[in-house]
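Participant: sequence unknown, structure follows:
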């Protein structure tokens, strides 16, 4: 089963996060699409995600996870000890999302926005973008 990660294609931190996931996901559990892409917009509508969503989205088992829940479900599938972060799922979502929202609100200020096109990934990695 493939899982789809939707991310902010204009965000430098989000792009670095996608690269991190790819590096730590040698089994290729995840496919990727930017929120702004045609595919991303189609998936947002299909899974009834609010159009103004400004967060990481994970679509898994026909269910959409956003914010901290998405990040934790992604971490659960990564190689190494990253899966241990999933233990934070026991922290109430309201608390987790408070910190997620604070970080997300400041990500452009701290990491900037993309101003130019990205480097082209290898053909193997390119297959993971839909």
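Facilitator: Thanks, I have the structure now. As the structure is a computational prediction, the values presented were derived from the model and not from experiment.

Participant: which outside residues touch stretch 75-88?
Facilitator: By CB atoms under 8 Å, 6 or more residues apart in numbering, the residues outside stretch 75-88 that reach it are 3, 21, 24-27, 29-30, 68, 71-73, 96. (Each C-beta comes from the backbone N, C-alpha and C, glycine too.)

Participant: what's the distance between that stretch and the middle of its chain?
Facilitator: Here the centre of stretch 75-88 is set off from its chain's centre by 14 Å, with CA atoms, centre = their mean, to the nearest Å.

Participant: For stretch 79-99, measure first residue to last.
Facilitator: End-to-end distance for stretch 79-99, by CA to CA, to the nearest Å: 24 Å.

Participant: actually stretch 30-50, sorry about that
Facilitator: End-to-end distance for stretch 30-50: 22 Å, by CA to CA.

Participant: How about residues contacting it?
Facilitator: By CB under 8 Å, 6+ apart, stretch 30-50 touches 2-10, 18, 21-22, 51, 53, 57, 59, 62-64, 66, 74, 77, 128-130.

Participant: list the buried ones in that stretch?
Facilitator: Neighbour counts using 16 or more other CB atoms under 10 Å place 30, 31, 32, 33, 34, 35, 39, 40, 43, 44, 47, 49 of stretch 30-50 among the buried residues.

Participant: The fifth one bridge partners, please.
Facilitator: Beta-bridge pairing of residue 34, defined through DSSP bridges, involves residue 7.

Participant: what pLDDT does it get?
Facilitator: Turning to residue 34, the model gives it a pLDDT of 92.

Participant: The last one now?
Facilitator: Reading off the confidence values, residue 49 has pLDDT 92.

Participant: Much appreciated, bye for now.
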